[in-house]
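Undergrad: Turn this into a model:
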Amino acid sequence: MLRLFVILQIIVTSYCCLSCSGGQNQSIEPGKIWNDTQGNPINAHGGGILLHEGIYYWFGEIKKDSTWRVPYITTWECYRTNAGGVSCYSSKNLTDWEYEGVALVPERSNPASDIHFSKVIERPKVIYNQETGKFVMWMHIDSEDYSYARAGVAVSDSPAGPYTYLHSIRPNNQMSRDMTLFKDDDGNAYHIYSSENNATLYISLLSDDFLSPSGTFIRTLENQSREAPAIFKQRGKYYLITSGCTGWAPNPASYAVADSVLGHWEVKGNPCVGKNAETTFDSQSTFVLQAGGSDNAFIFMADRWNKADLEDSRYVWLPINIENDELSISWIDQWDLRHFADE
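TA: Below is the predicted model of the structure:
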């Protein structure tokens, strides 16, 4: 009973902060244009969120200027923009986001650089290492034709950056494309990434400093062609949401459950229910955010890609319902954190 009271208090307090903040956004409206506190559309695609000392930091891909299709790639619709680097926004209430600037600046002068604007910088995620005091960013680094298939690493002394790019690797000597990071309660961190030409997902324990693979990993969802991983933990169970591999076109999400990160993952099916569930509400997973420290409040974060104008891609954030270890995600036109207090 006390635990429930604490959870409700956290959520209600967060909502009160939202209402009194003086910001422009009083609720979350999935799929709508989401402006920052300066009135500009948030540009943080394929992103993830770090909660540090009571402040949420949203990192994402900067997609700007024109969108074009790479003409020599005919096997899929390879639409591109120049790599704009990684943006950072901060918030105390998850609706009003202040632009902090470019956390990772792309290289302009050296075409051989991993982070040259002609390359691919996607799905940045940041975790904090208490032992080193460093904020560690991992991201998908690729060439124009997506044949490079590597993971890049950058570090900073402050959450908003600037981040210093270190290098890229093929973790565990395998391809790495769509990816996420997960930091467990025990302090261990994991890099989860699509590999083997996106056929299989790898879950790789990171080194103590979070800068490299430790050498301990598993292959899971073998030959199922899953990407866009988003992972979270609730009451001792681990949940992994992924999408199929259909380029920019949306497809049904799927989720799996495990008793340990490096254990056996049991596939459960599509967590989305209702109209447009078969296209994940016309979006693709990128992250699951635990809101307010509550073990009952999890937000499914996804991107609604606009392949013809990638800068105008939208964000789909929806609450996750968890009951008897099963997930469900339903469409809601407009909602706020009080949703969790009502459950």
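Undergrad: Give me the below-cutoff pLDDT ranges for the stretch 51-200 of the chain.
TA: Across the stretch 51-200 of the chain, nothing is flagged by pLDDT under 70.
Undergrad: what are the ranges of the strands in it?
TA: Secondary structure of the stretch 51-200 of the chain, counting by DSSP state E, counting those that start in this stretch: strands at 55-63, 68-69, 79-80, 83-91, 98-104, 120-129, 134-142, 150-156, 164-169, 179-183, 189-195, 200-206.
Undergrad: and what of the stretch 201-343 of the chain?
TA: Going by DSSP E, counting those that start in this stretch, the stretch 201-343 of the chain shows strands at 213-220, 226-234, 237-244, 254-258, 266-269, 272-273, 284-290, 298-304, 314-323, 326-330.
Undergrad: could I get these as TSV with mean neighbour count, distance to residue 197 and mean pLDDT?
TA: C-beta here means a position set from N, CA and C on the backbone, and glycine is covered the same way. Output for those, formatted as TSV (neighbours: other CB atoms under 10 Å; distance: least, CB to CB, whole Å; pLDDT from 0 to 100):
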stretch	mean neighbour count	distance to residue 197	mean pLDDT
strand 213-220	17	13	98
strand 226-234	22	11	98
strand 237-244	23	14	98
strand 254-258	20	19	98
strand 266-269	13	20	97
strand 272-273	19	26	98
strand 284-290	25	18	97
strand 298-304	24	22	98
strand 314-323	20	27	97
strand 326-330	19	28	97
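Undergrad: Using TSV, lay out these together with distance to residue 67.
TA: Formatted as TSV, the strands of the stretch 201-343 of the chain follow (distance: least, CB to CB, whole Å):
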stretch	distance to residue 67
strand 213-220	33
strand 226-234	19
strand 237-244	21
strand 254-258	28
strand 266-269	33
strand 272-273	27
strand 284-290	17
strand 298-304	14
strand 314-323	15
strand 326-330	28
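Undergrad: what comes up buried for stretch 136-147?
TA: Going by neighbour count (16 or more other CB atoms under 10 Å), the buried part of stretch 136-147 is 136, 137, 138, 139, 140, 141, 142, 146.
Undergrad: picking up where we left off before, of the strands of the stretch 51-200 of the chain, which is nearest residue 331?
TA: Among those, strand 55-63 comes nearest to residue 331, with 22.0 Å by CB to CB.
Undergrad: Flag every buried residue along that closest one.
TA: Using 16+ other CB under 10 Å as the test for burial, strand 55-63 gives 56, 57, 58, 59, 60, 61, 62, 63.
Undergrad: tell me the contacts of the second one?
TA: Counting by CB atoms under 8 Å, 6 or more residues apart in numbering, residue 57 touches 49, 50, 51, 88, 89, 90, 100, 126, 159, 160.
Undergrad: go with 6 Å
TA: Shown in contact with residue 57 (CB atoms under 6 Å, 6 or more residues apart in numbering): 50, 88, 90, 159.
Undergrad: Same check on the fifth one?
TA: Residue 60 makes contact with 44, 45, 46, 47, 87, according to CB under 6 Å, 6+ apart.
Undergrad: For beta bridges, what are the partners of the second one?
TA: In this case it means residue 45. Counting by DSSP bridges, residue 45 forms beta bridges with residue 61.
Undergrad: how close does it sit to residue 193?
TA: 18 Å (CB to CB, to the nearest Å).
Undergrad: Settle it for me: which of the two has more neighbours?
TA: Neighbour totals were compared for residue 45 and residue 193, and residue 193 leads with 29 against 24 (other CB atoms under 10 Å).
Undergrad: State the distance from the residue nearest to the more buried one when sequence neighbours are not counted to residue 203.
TA: The shortest distance from residue 193 to any non-neighbouring residue, by CB to CB, 6 or more residues apart in numbering, is to residue 179 (3.9 Å). Using CB to CB, residue 179 is found at 11 Å from residue 203.
Undergrad: now do residue 283
TA: 23 Å.
Undergrad: Repeat that for residue 265.
TA: Counting by CB to CB, the gap from residue 265 to residue 203 is 8 Å.
Undergrad: again with residue 337
TA: For residue 337, the distance to residue 203 - CB to CB - is 30 Å.
Undergrad: roughly how far apart are the residue nearest to residue 314 when sequence neighbours are not counted and residue 46?
TA: With sequence-adjacent residues excluded and distances taken as CB to CB, 6+ apart, residue 314 is closest to residue 304, at 4.3 Å. Residue 304 sits at a distance of 12 Å from residue 46 (criterion: CB to CB).
Undergrad: was I right about residue 182 contacting residue 229?
TA: No - when contacts are counted by CB atoms under 6 Å, residue 182 is not listed as touching residue 229 (9.0 Å).
Undergrad: Need the overlap of contacts for those two.
TA: Residues touching both residue 182 and residue 229 (CB under 6 Å, 6+ apart): none.
Undergrad: Show me which of residue 179 and residue 203 is the more surrounded one.
TA: residue 179 (28 against 24).
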